[in-house]
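K.L.:
take a look and give me a structure for this.
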Amino acid sequence: ETPDYKDIAKLHAESWQQNYRGSFSAHFLDHEVHQERLSVWKARCLFSAENQLVILAEEEGKLLGFCCAYSNESVVYGTYLDNLHVSSEATGKGLGTYLMQRLIKEIRARNVSDNMYLWVMKGNTTAIDFYDKLKGRTEEPVKAIDIGDAEFWKIRYVWDGLAALEDQINTKLHQYACRGI
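P.N.:
Okay, the predicted model is just below:
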């Protein structure tokens, strides 16, 4: 079986290259991001945390998007959605929303906290627009340097109860082939 981490890392790096120009240095995005993401995803796939949830969305065997979350990561905010990325060819087709819907089902199946949160880089207007449509509550931006090679601002989005998030999701979406790893 082909290791999923290589496909995930490739999509993740390409997403960062498309969405994080100006937040990370050009040198990092052009020369280091692929290896950095490959290292992260190899570790995540080979040594998964017990609370890790990874959902892959595929069409005809091609990875079109994924999400990675950690259930009950915070006693205050609940499940932490660390990554949600969709390929440029699948953007605007409802795949991000579909992945959120699948993630909600997985969180509920694990019978963990009903809250969820994530961080968005302040300059990532595509993601900000997406999470605003899903009615996430925002908190004040904070300065960070936990990924990449430059300081940046990030915003926490919070959903106090998954029912409120579910209400924003259209359930009549294209049924992508999804699987957890």
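K.L.:
name the element the nearest residue to Ser74 once chain neighbours are set aside belongs to?
P.N.:
Residue nearest to Ser74 in three dimensions, not counting chain neighbours: Tyr80, with 6.3 Å by Cβ to Cβ, 6 or more residues apart in numbering. Glycine gets a C-beta too; all of them are placed from N, C-alpha and C. Secondary structure from DSSP states H and E places Tyr80 in strand 78-86.
K.L.:
any idea of the mean pLDDT for that strand?
P.N.:
For strand 78-86, mean pLDDT rounds to 96.
K.L.:
parallel or antiparallel, list what pairs with it.
P.N.:
strand 62-74 (antiparallel), strand 116-121 (parallel) (DSSP bridges).
K.L.:
the residue lying closest to Thr97 once chain neighbours are set aside and Met100, how far apart?
P.N.:
Distances taken as Cβ to Cβ, 6+ apart put Ile169 closest to Thr97, at 5.6 Å, once the chain neighbours are dropped. Distance of Ile169 to Met100, given as Cβ to Cβ, to the nearest Å: 6 Å.
K.L.:
hey, what's in contact with both of those two?
P.N.:
Leu134 (Cβ atoms under 8 Å, 6 or more residues apart in numbering).
K.L.:
quick one: which of those two has more around it?
P.N.:
Met100 (23 against 15; other Cβ atoms under 10 Å).
K.L.:
could you check how far the residue nearest to Thr97 is from His85?
P.N.:
In terms of Cβ to Cβ, Ile169 sits 18 Å off from His85.
K.L.:
quick revisit: who's the residue nearest to Ser74 bridged to?
P.N.:
Tyr70, Tyr117.
K.L.:
wait, isn't it in contact with Cys67?
P.N.:
No - using Cβ atoms under 8 Å, Tyr80 makes no contact with Cys67, being 11.3 Å away.
K.L.:
so which of those two has more stuff around it?
P.N.:
Set Tyr80 next to Cys67 and count neighbours by other Cβ under 10 Å: Cys67 wins out with 24 against 17.
K.L.:
relative to Glu32, how far out is the residue lying closest to Glu89 once chain neighbours are set aside?
P.N.:
Nearest non-adjacent residue to Glu89, counting by Cβ to Cβ, 6+ apart: Leu64, 7.2 Å away. According to Cβ to Cβ, Leu64 and Glu32 sit 25 Å apart.
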